[in-house]
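**Q** Show me how the following folds:
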Amino acid sequence: MILRNVTSTAKQFYAVWCDQNAHVTIESGSYSTSANSTALLGMTTPSEDPTDPKSEMLIQGGNFDAGERPMVLKNGNAYGVPVFTGGTFSCDVSEYLAFGVKQSPTGQVIPGSPEDHPKYGDVAQVGEEYFPTLQAAIDAAGESPVTLLTDQTTEAVITVSAPLTINGCGYMVNSTVSQLLQVGADDVTVTLNDMVFSATDAQCGIQISAPRRM
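**A** Purely as a prediction, here's the structure:
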């Protein structure tokens, strides 16, 4: 769903709620809370099935006034996390900013540089946790998808030993080792989305042996 020039006030719960496996993009409009609101924005609990599509809420523009209520419903990792690339907000939303943008003193999300991001230096994300290497994110992922945040160069073979989805977001993983990515366990399915591999001195970029699946 795409929301343009919408006005929504959360009378009791949320101005915008993203349900399981839903995809919401807010391009413009005005969104606010009331005294009885739970939060301005909310996303459902992520599915326990790793094959289910991931819920997504992307904020590209609009005015968001949370008043005295939370901007986003939070309870550890129990709820999904939206991503802000634009818009004007009534409070600090730095923890939800995409790489390459920053929040101005007036609350507006504007273009910035990767160094502006509070997690600058980390290269991958799992839920609300950030990791300095792709391998560290893979090792901690469990059934959650891994999202690459920037290009990475590695001198070690990246090993996957459990079912996993990696969302590359168009970024590159570069390596000079003999193999770049190795699926190292039986009956494992690995899904790679929108990734670029560069293994200039390697024998192969990705090695898959039966009964692994990719």
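**Q** What is the burial count for residue 45?
**A** 12 (other CB atoms under 10 Å). (Glycine included, C-beta is placed from N, CA and C.)
**Q** center of the chain, which residue is that?
**A** Nearest to the mean C-alpha position of the chain, counting by CA atoms, centre = their mean, stands residue 147 at 5.9 Å.
**Q** Please name every helix or strand in contact with the helix or strand harbouring it.
**A** Element membership of residue 147, judged by DSSP states H and E, is strand 146-148. Packing partners of strand 146-148 (3 or more CB pairs under 8 Å, 6 or more residues apart in numbering; DSSP states H and E): strand 124-126, helix 134-140, strand 164-167.
**Q** Nearest to residue 186, out of these?
**A** Minimum separation from residue 186 across the helices and strands packed on strand 146-148 (CB to CB) falls at strand 164-167, 14.5 Å.
**Q** average model confidence for the very next helix or strand once past the closest one?
**A** As assigned by DSSP H and E, the chain's next helix or strand after strand 164-167 is strand 172-175. Strand 172-175 carries an average pLDDT of 82.
**Q** next SSE after strand 172-175?
**A** Criterion used, DSSP H and E; the element after strand 172-175 is strand 179-183.
**Q** Distance to residue 69 added to the helices and strands packed on strand 146-148, as JSON lines?
**A** What follows is these, written out as JSON lines (distance: least, CB to CB, whole Å):
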{"stretch": "strand 124-126", "distance to residue 69": "26"}
{"stretch": "helix 134-140", "distance to residue 69": "32"}
{"stretch": "strand 164-167", "distance to residue 69": "31"}
